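> Dropping the sequence and predicted coords here.
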Amino acid sequence: MRKYSNELKPEEIVEIAGWIHEKRVHGKLVFLILRDREGFVQITVSKKDVDEETFKIAKKINKESVIKVIGKVRNEPRAPNGIEIVPNKIIVLNKAQAPLPMDPTEKVPANLDTRLDHRFMDLRRPKISSIFKIRSKILNFVRDFFHKRGFVEVHTPRIISTGSEGGTELFPVQYFEREAFLCQSPQLYKQILMASGLDKVFEIATYFRAEEHDTVWHLNEITAIDCEIAFIESHVDVMKLLEELVYSIIKNVNENAEKELKILGIDEIHVKSPFKKISYDKALEILKDLGLNIKYGEDLTTEAERKLYEYMKEEGYDLYFITDYPYIIRPFYTYIEGIESEKIDEIVEFLKENPFVKTRSFDLDYKGREISSGSQRIHKYEILIASLKVKGLRVESFKHYLEAFKYGMPPHGGFGLGIERLLMQLLNLKNIREAVLFPRDRNRLTP
RNA sequence: GUCCCGGUGGUGUAGCCCGGCCUAUCAUGCGGGACUGUCAAUCCCGCGACCCGGGUUCAAAUCCCGGCCGGGACGCCA
């Protein structure tokens, strides 16, 4: 049975396999540093301890070749970690070519682009694989979190028909004789499911956005955690759940990913609970005091987000909600305050006259960047039609979505949380591409 | 999409402003050699590069133009 480098006990005969991380030759004594998923172990090959063939292999083997070693573990204060393996046998499973396309030992740094071109090798660095071990732990935790609270995990379609929503650009795909698109969000489907009686659903999935942006903060293929809950009182219920989720993710990472955090040079991820909550209006006031004027009814700029974080940081908050955005900068399905009428024309008129009317909406910012956004949704058919019209969207193309609102749609709301963004802010990554194994951006389609 | 910066061995860089002392720096790597306790081993010998195209000039890694590629800021963005 193969063992990992962190499972070795002195005096055991073990089988271990991995990559040659380092090789140090001292004439008749060779040290091989073997790397596997869990760490490193030294293989000490002394000419007097092993047969001629084994010694020759040890001396000749080049870096990053894959070997299997059968040998005896022994305590040795001179060895790293205090133990080493004296091999009975070294089997070369596969030789690596030289030179390597990048240096996995981190002696010479590599540019992100070079690293992404040779991602498998980049991932041999414990610092890099730690990011994805943490990502895996988070996703496992999130599934558990939702299941424990009675949520049903769902999967909505990746391929959608035209005109599902305004806003972001879609990637077209050929769907037999028709044109279809890759989905950009589960929004409409998770809402439809609220009319199904499933009541509380969540989805962890990949979405595609054809925006031609080129920043350290955007990707064209993203993964998100989405949820939708029926029978809420307001967006505050949704915020409560999101806060609980994010807070317990951080707590969980601190408790269950200690080793990975240490490798990444992080002691403990700071989180102050409860999260700070301010309204959009209040945020604009604060920014004004900080000398930054945002025109009412406009989204916070990158600079504004940064300034607001500086302010929040003073109070000890890395995480904070911005709530109650004006209607004009929120999507059409966002719950609008103070609509009494049930007549579509009257609602349209009202919205046109009051573009800054408050909505039951929120963003969750983490260290100055938006990681999640959500809201209570409109559940009244007439208001939804009016809102679509005001936003200039074609009612006809939302036919199937709208039908769900005609025959018993409960009040509901939800959020979407970008996993890459969360991970990036959580681990202080400089580029969102670091949080994806094989990122897709404007210029990168391979590997 | 706009603006700024960049492209030098396998990798990361120095040199560029102020053209010629460049037969191009340093590190790492790679090949060979010495070495029985290294831990970025050490020491000796060797290998390997100016993104592409055009221009200016007696002379271009260096200056100019175009292209391609990359980095960053902003914008766009459910």
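Perfect, thanks for sending it. Every value quoted in this text rests on a predicted model; they were computed, and no experiment measured them.
> Quickly check: stretch A:78-94 near RNA strand B or not.
Yes - on the criterion CB under 7 Å from any atom of the strand, stretch A:78-94 is in touch with RNA strand B at A:78-80, A:84. Heads up, the C-betas are built off the backbone N, CA and C, glycines and all.
> Turn the residues you listed into TSV, columns for pLDDT.
Supplementary listing: the residues of stretch A:78-94 next to RNA strand B in TSV, determined by pLDDT from 0 to 100:
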residue	pLDDT
A:78	92
A:79	93
A:80	90
A:84	95
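> Contact partners for the residue nearest to residue A:264 when sequence neighbours are not counted?
Closest residue to residue A:264 in three dimensions, ignoring its sequence neighbours and counting by CB to CB, 6 or more residues apart in numbering: residue A:130, at 5.4 Å. Residue A:130 sits next to A:257, A:259-261, A:263-264 when contact means CB atoms under 8 Å, 6 or more residues apart in numbering.
> can you give me the strands in the stretch 101-250 of chain A?
Chain-ordered strands for the stretch 101-250 of chain A, with DSSP state E, counting those that start in this stretch as the definition, fall at A:152-153, A:159-160, A:172-175, A:178-182, A:200-208, A:221-230.
> Nearest to RNA strand B among those strands would be which one?
The stretch from the strands of the stretch 101-250 of chain A with the least distance to RNA strand B (CB to the nearest atom of the strand) is strand A:200-208; that distance is 7.5 Å.
> And RNA strand B, is the closest one touching that?
No - with CB under 7 Å from any atom of the strand as the measure, strand A:200-208 is seen stopping short of RNA strand B, the closest distance being 7.5 Å.
> What pairs with that strand, parallel or antiparallel?
Each strand that strand A:200-208 pairs with, and the sense of that pairing, follows from DSSP bridges: strand A:152-153 (parallel), strand A:221-230 (antiparallel).
> CA atoms only for that strand - export them in PDB, please.
Extracted C-alpha coordinates of strand A:200-208, given in PDB (Å, rounded to 0.1, in the frame of the first residue of the first chain):
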ATOM      1  CA  LYS A 200     -35.400  26.300  -1.000                       C
ATOM      2  CA  VAL A 201     -32.800  25.400  -3.700                       C
ATOM      3  CA  PHE A 202     -29.200  25.900  -4.200                       C
ATOM      4  CA  GLU A 203     -26.900  25.400  -7.200                       C
ATOM      5  CA  ILE A 204     -23.100  25.300  -7.500                       C
ATOM      6  CA  ALA A 205     -22.300  25.600 -11.200                       C
ATOM      7  CA  THR A 206     -20.300  27.300 -13.900                       C
ATOM      8  CA  TYR A 207     -21.500  30.300 -15.900                       C
ATOM      9  CA  PHE A 208     -20.200  32.000 -19.100                       C
END
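> most packed of the strands of the stretch 101-250 of chain A?
Sort the strands of the stretch 101-250 of chain A by mean neighbour count, taking mean count of other CB atoms under 10 Å, and strand A:221-230 sits at the top with a mean of 23.
> Could you give the separation of that one from the chain centroid?
Centroid displacement of strand A:221-230 relative to its chain, using CA atoms, centre = their mean, to the nearest Å, is 11 Å.
> got it, and stretch A:218-229?
In terms of CA atoms, centre = their mean, the gap separating the centre of stretch A:218-229 from the centre of its chain is 8 Å.
> tell me the mean pLDDT for that stretch?
If you average the pLDDT over stretch A:218-229, you get 94.
> next one: stretch A:410-422
Across stretch A:410-422, the average pLDDT comes to 96.
> One more: stretch A:359-378?
Mean predicted lDDT for stretch A:359-378 stands at 95.
> How about that stretch and RNA strand B, touching?
Yes - contact check for stretch A:359-378 against RNA strand B, using CB under 7 Å from any atom of the strand: residues in range are residue A:373.
> Let's see the distance spanning that stretch from one end to the other.
The distance separating the two terminal residues of stretch A:359-378, taken as CA to CA, to the nearest Å, comes to 10 Å.
> if I read this right, residue A:173 contacts residue A:159, doesn't it?
Yes - assessed by CB atoms under 8 Å, residue A:173 is found in contact with residue A:159 at 6.5 Å.
> Need the CA coordinates for the lengthiest strand in chain A. PDB is fine.
Ranked by number of residues, the top strand in chain A under DSSP state E is strand A:13-26. As requested, C-alpha coordinates have been extracted for strand A:13-26 and formatted as PDB (Å, rounded to 0.1, in the frame of the first residue of the first chain):
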ATOM      1  CA  ILE A  13       9.000  -0.700   5.500                       C
ATOM      2  CA  VAL A  14       7.000   1.600   3.200                       C
ATOM      3  CA  GLU A  15       6.100   2.200  -0.400                       C
ATOM      4  CA  ILE A  16       6.000   5.800  -1.400                       C
ATOM      5  CA  ALA A  17       5.700   7.500  -4.800                       C
ATOM      6  CA  GLY A  18       6.100  11.000  -6.100                       C
ATOM      7  CA  TRP A  19       8.200  13.500  -7.900                       C
ATOM      8  CA  ILE A  20      11.900  14.300  -7.600                       C
ATOM      9  CA  HIS A  21      11.700  17.800  -6.100                       C
ATOM     10  CA  GLU A  22      15.500  18.200  -5.500                       C
ATOM     11  CA  LYS A  23      18.500  16.100  -5.900                       C
ATOM     12  CA  ARG A  24      21.800  16.600  -4.000                       C
ATOM     13  CA  VAL A  25      24.700  14.400  -5.000                       C
ATOM     14  CA  HIS A  26      27.700  14.100  -2.700                       C
END
